[in-house]
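any chance you could fold what I've pasted below:
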Amino acid sequence: MTESTAAPEPTLSALYRAHRGWLHGWLLRRLGDTWTAADLTQDTFLRVLAAQQSQTLASLREPRAYLLTVGRRLLVNHFRRRSLEHAYLEALRQLPEALAPSPEQRWVLLETLQALDELLDGLPRPVRQAFIWSQLEGLDYASIATRLRVSERTVKRYMVRAYEHCLLVAL
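Next comes the predicted model:
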C-alpha cells in the first residue's frame, strides 16, 4: 500500500496532524479570534491526551466527531467563563473604589468563581442556585425555599444532590 492509502496510525501525533487544522478552522469560524481558536484547539488535544489513558485512539471510529464533541464542550466552557468574567467585572464596577479588590484579589476571586462554576456544571439550575445561596450567601433552607418557590424538603434534596455531585467530581 502507498502511504496515502494506508490506514492512519492510531497515535495522538497522527490524530493531531490529520485534524488540527480542520478543528482550528471550525473553532475560528465560531469565535472569530485566531488566538482563542488556537488555544481551544490545543486544549482539545490535551483533553484527548488525558482521556487516552482510559481509551485507545485506535477505538475511535469517527475521530472528527470525537474532536468536535470535545471542542464544543471547551467552546461552551469558554463562553460561559467569558460571561461569568463579564458579570463579575460589572459587579466590581458597582463597588466604591475604596472597597474594590486589588488586581491580584480579583484574579483569585475570578479563578475561584470559574472553578466553582465548573464544579457545579451538570447540575440543574435550581440545585446549583440552592447550593450557591446556601454556601456563598449563607441563606437558610427556608429562605432558599421561598426564593425558589419550593418546599424546604425539596431544598434539602437539592443540597444533598449538590454535595454528592461535588464529592463525585472531586474524586
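
from A130, how far off is T36?
Applying CB to CB, to the nearest Å, the value for T36 to A130 is 33 Å. C-beta: built from backbone N, CA, C; applies to glycine.

neighbour count winner among those two?
Between T36 and A130, counted using other CB atoms under 10 Å, the more crowded position is A130 (27 against 16).

which residues does the more buried one contact?
Shown in contact with A130 (CB atoms under 8 Å, 6 or more residues apart in numbering): I144, L148, V155, Y158, M159, A162.

quick check: closest non-adjacent residue to it.
Counting by CB to CB, 6 or more residues apart in numbering, Y158 is the residue found nearest to A130 once chain neighbours are left out, at 4.1 Å.

G122 contacts H165, doesn't it?
Yes - in this structure G122 lies within contact range of H165 using CB atoms under 8 Å: 7.0 Å.

pull the distance from the helix or strand in which L113 is found to the chain's centre.
Element membership for L113 (DSSP states H and E) is helix 103-120. Helix 103-120 sits 13 Å away from the centroid of its parent chain (CA atoms, centre = their mean, to the nearest Å).

list the buried residues for that helix?
For helix 103-120, a neighbour-count test (16 or more other CB atoms under 10 Å) marks L110, L113, Q114, L116, D117, L119, L120 as buried.
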